[in-house]
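J.: 3D, please:
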Amino acid sequence: MEFTAIDYSIFALLLVLSSAIGLFYALSGDRQRTVQEFLLANRNMGCLPVALSLLATFQSAVAILGAPGEIYRFGTEYWFLGCSYFLGLLIPAHIFIPVFYRLRLTSTYEYLELRFNKTVRVFGTITFIFQMVIYMGVVLYAPALALNAVTGFDLWSAVLTMGLVCTLYTTLLTKPEMSEENNPEH
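T.: The predicted model follows:
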């Protein structure tokens with residue numbers, strides 16, 4: 001089973017629309033000039049956009065492609081993982097997030113530095129970067145594998161292309177004038 005002309009058209013339209021949204025917000029007005037605006041939307045967003053943003057953040061090709069396969073292979077015991085998310089999210093939502101909000105912190109790493117010292121913050125950051133590099137490799141490989149299966153595109157070209165497109169999209173949304181002097185925390 002391979003892509004037809006209609007499939008390629010829809011796929012191209014998806015890429016064009018996604019890029020257009022990114023370009024529109026990158027080039028329009030004076031949005032996201034500071035780190036506070038980029039990371040926290042100036043703390044002006046309501047519950048629904050924040051919840052949708054978090055939901056989109058946690059969804060990846062690994063979850064979309066892997067969860068159905070996991071349930072098919074091992075049955076409904078996978079639901080226990082889903083149920084544990086509710087418990088695992090209640091603790092941070094009611095204990096950690098209020099503390100971070102009152103302290104007006106942007107990240108957990110700022111808290112580590114406040115609570116302990118800069119060395120602990122750096123080790124926490126390095127650990128997270130190491131974990132994310134491994135995770136991003138899997139997250140890029142899974143959709144590239146699916147794309148390879150249905151289109152015949154070269155697997156590693158798809159990985160490289162998706163990585164470059166995502167990097168470009170992200171860098172378009174960050175304005176060059178966003179620097180440390182615009183960061184209200186420094």
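J.: Which residue ranges of the chain form helices?
T.: 5-27, 35-40, 47-58, 61-74, 79-91, 97-103, 108-115, 118-151, 155-173 (DSSP state H).
J.: next one: the fifth one to chain centre, how far?
T.: Using C-alpha atoms, centre = their mean, to the nearest Å, we find the averaged C-alpha position of helix 79-91 to lie 20 Å away from the chain's own average C-alpha position.
J.: Packing partners of it?
T.: Packed against helix 79-91 by the contact rule (3 or more C-beta pairs under 8 Å, 6 or more residues apart in numbering; DSSP states H and E) you find no helix or strand. Any C-beta I mention is one placed from the backbone N, CA and C, and that applies to glycine too.
J.: what pLDDT does residue 93 get?
T.: At residue 93, the pLDDT value in this model is 83.
J.: make that residue 67, sorry
T.: The per-residue pLDDT reported for residue 67 equals 81.
J.: center of the protein, which residue is that?
T.: Centroid check for the chain by C-alpha atoms, centre = their mean gives residue 57 as the closest residue, at 4.2 Å.
J.: What is the least confident helix or strand in the chain?
T.: helix 35-40 (a mean of 71; mean pLDDT, DSSP states H and E).
J.: residue ranges with poor pLDDT in this structure?
T.: 1, 29-33, 38, 172-186 (pLDDT under 70).
J.: ok, residue 129 to residue 140 distance?
T.: As defined by C-beta to C-beta, to the nearest Å, residue 129 lies at a distance of 16 Å from residue 140.
J.: if you count what's nearby, which of the two comes out ahead?
T.: Using other C-beta atoms under 10 Å, the more surrounded residue of residue 129 and residue 140 is residue 140, with 19 against 10.
J.: Just confirm the more buried one contacts residue 161, I think it does.
T.: No: using C-beta atoms under 8 Å, residue 140 is not in contact with residue 161; the gap is 9.8 Å.
J.: circling back: remind me what the least confident helix or strand of the chain packs against, helices and strands.
T.: By 3+ C-beta pairs under 8 Å, 6+ apart, helix 35-40 packs against no helix or strand.
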